[in-house]
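Student: Predicted structure and sequence below. I'll ask about it afterward.
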Amino acid sequence: MNKKQLVAKISSSMNLSKADAERQFDGITEIILNCLKSDEQVKIAGFGTYKVAKRKARVGRNPRTGEQIQIAASQKVKFLPAKALKEMFNK
């Protein structure tokens with residue numbers, strides 16, 4: 001499902017125009033992104049938690065040549081599903 005299809009489902013289930021549903025969706029995603037940029041966790045009960053994970057700099061190996069390379073520190077967004085969500089798929 002892509003954004004357009006998701007907005008269409010939101011629009012039909014909440015009896016909104018597609019433009020209003022898209023504004024609602026964009027607003028929610030902007031809030032979540034701003035929280036993550038501020039290094040805050042976003043917990044949605046029954047669904048899961050979004051959080052920023054920091055990876056330390058490390059030494060890796062080029063698989064073609066075998067030489068060691070330095071991999072820079074980075075950040076990524078992690079999603080941890082809630083217990084209820086996990087159980088829904090692992091019955």
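Tutor: On my side now, so go ahead.

Student: all contacts plus neighbour counts: C-alpha atoms, from now on.
Tutor: Fine.

Student: I'd like the mean pLDDT over stretch 14-34, please.
Tutor: The average pLDDT for stretch 14-34 rounds to 95.

Student: What lies in contact with it?
Tutor: For stretch 14-34, the external contacting residues (Cα atoms under 8 Å, 6 or more residues apart in numbering) are 7-8, 10-11, 42.

Student: Okay, buried residues for it please.
Tutor: For stretch 14-34, burial by neighbour count (16 or more other Cα atoms under 10 Å) applies to 16, 18, 21-22, 24, 32-33.

Student: Tell me the residue in the protein that is farthest from the middle.
Tutor: residue 65 (34.5 Å; Cα atoms, centre = their mean).

Student: what's near enough to touch residue 10?
Tutor: Taking Cα under 8 Å, 6+ apart, we find residue 10 in contact with 16, 21.

Student: one more time with 7 Å
Tutor: Residue 10 is in contact with residue 21, counting by Cα atoms under 7 Å, 6 or more residues apart in numbering.

Student: Name the helix or strand for it, please.
Tutor: Assigned by DSSP states H and E, residue 10 belongs to helix 3-14.

Student: Look up phi and psi at residue 21.
Tutor: Backbone torsions for residue 21, taken as degrees, to the nearest 10, come to phi -60, psi -40.

Student: let me redo that: residue 42
Tutor: Backbone torsions of residue 42, given as degrees, to the nearest 10, read phi -120, psi 110.

Student: Which helix or which strand is home to the nearest residue to it once chain neighbours are set aside?
Tutor: Closest residue in space to residue 42, ignoring its immediate chain neighbours: residue 50 at 5.1 Å, by Cα to Cα, 6 or more residues apart in numbering. Using DSSP H and E, residue 50 falls within strand 48-55.

Student: can you dump the C-alpha coordinates of that strand into CSV?
Tutor: Taking C-alpha atoms only, strand 48-55 is exported to CSV below (Å, rounded to 0.1, in the frame of the first residue of the first chain):
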residue,chain,number,x,y,z
GLY,A,48,4.5,0.1,18.6
THR,A,49,7.3,2.5,19.3
TYR,A,50,9.5,4.5,16.9
LYS,A,51,12.8,5.6,18.2
VAL,A,52,16.2,6.7,16.9
ALA,A,53,19.1,4.3,17.4
LYS,A,54,22.7,5.5,17.2
ARG,A,55,25.4,3.3,15.7
